[in-house]
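Colleague: This is the structure alone, sequence omitted:
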């Protein structure tokens with residue numbers, strides 16, 4: 001099963017404050033452990049919301065809003081995509097992560113839907129999903 005671990009943003013990450021060389025080295029070692037265990041599918045840090053945009057969908061219309069966005073607690077500073085056997089395994093891996101921000105930090109874990117979770121999915125959608133995952 002796949003889980004996305006979502007690192008919440010804080011004032012520093014939104015201000016573009018870069019992590020220290022020490023933290024980058026610690027994160028590199030942590031990510032290497034995930035790779036060696038065959039758990040890490042993907043992961044990256046994200047730039048501040050000032051470099052992003054939101055696309056809002058309502059009644060067939062699309063509205064684009066450029067960043068920055070005010071509510072830091074709603075923003076993401078980075079992510080890991082993990083392939084694990086259980087939610088508990090995902091939790092254990094994330095508990096081993098170096099402290100990502102000074103002071104407080106929060107990493108949210110969310111299980112990813114698999115095509116098998118949609119019993120009404122048409123066969124062509126199931127096949128398309130399998131092709132995409134086997135790239």
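Modeller: Nice, thanks for sending it over. Predicted model only: the values in this text are computed from it and were never measured.
Colleague: make it CA atoms for all contacts and neighbour counts henceforth
Modeller: Noted.
Colleague: which element follows the longest helix that the chain contains toward the C-terminus?
Modeller: Counting by DSSP state H, the longest helix found in the chain is helix 21-36. Counting by DSSP states H and E, the element after helix 21-36 in chain order, helix or strand, is strand 40-45.
Colleague: Strand partners (parallel or antiparallel) of that following strand?
Modeller: Within its sheet, strand 40-45 is paired with strand 76-83 (antiparallel), according to DSSP bridges.
Colleague: Just the mean pLDDT for the partner strand, thanks.
Modeller: In this model, strand 76-83 has an average pLDDT of 97.
Colleague: just checking, next helix/strand downstream of it?
Modeller: Sequence-wise, the next helix or strand downstream of strand 76-83 (DSSP H and E) is helix 87-95.
Colleague: tell me which residues in that following helix are buried?
Modeller: For helix 87-95, burial by neighbour count (16 or more other C-alpha atoms under 10 Å) applies to 90-91, 93-94.
Colleague: other SSEs contacting that helix?
Modeller: Contacts defined by 3 or more C-alpha pairs under 8 Å, 6 or more residues apart in numbering; DSSP states H and E place helix 87-95 against strand 2-8, strand 107-111.
Colleague: pLDDT weak spots in this protein?
Modeller: Applying pLDDT under 70 to the chain flags the ranges 135.
Colleague: Which residue is the nearest non-sequential neighbour of the spatially most central residue of it?
Modeller: In the chain, the residue lying closest to the centroid (C-alpha atoms, centre = their mean) is residue 79, at 2.7 Å. Excluding its sequence neighbours, the residue lying closest to residue 79 (C-alpha to C-alpha, 6 or more residues apart in numbering) is residue 6, at 4.6 Å.
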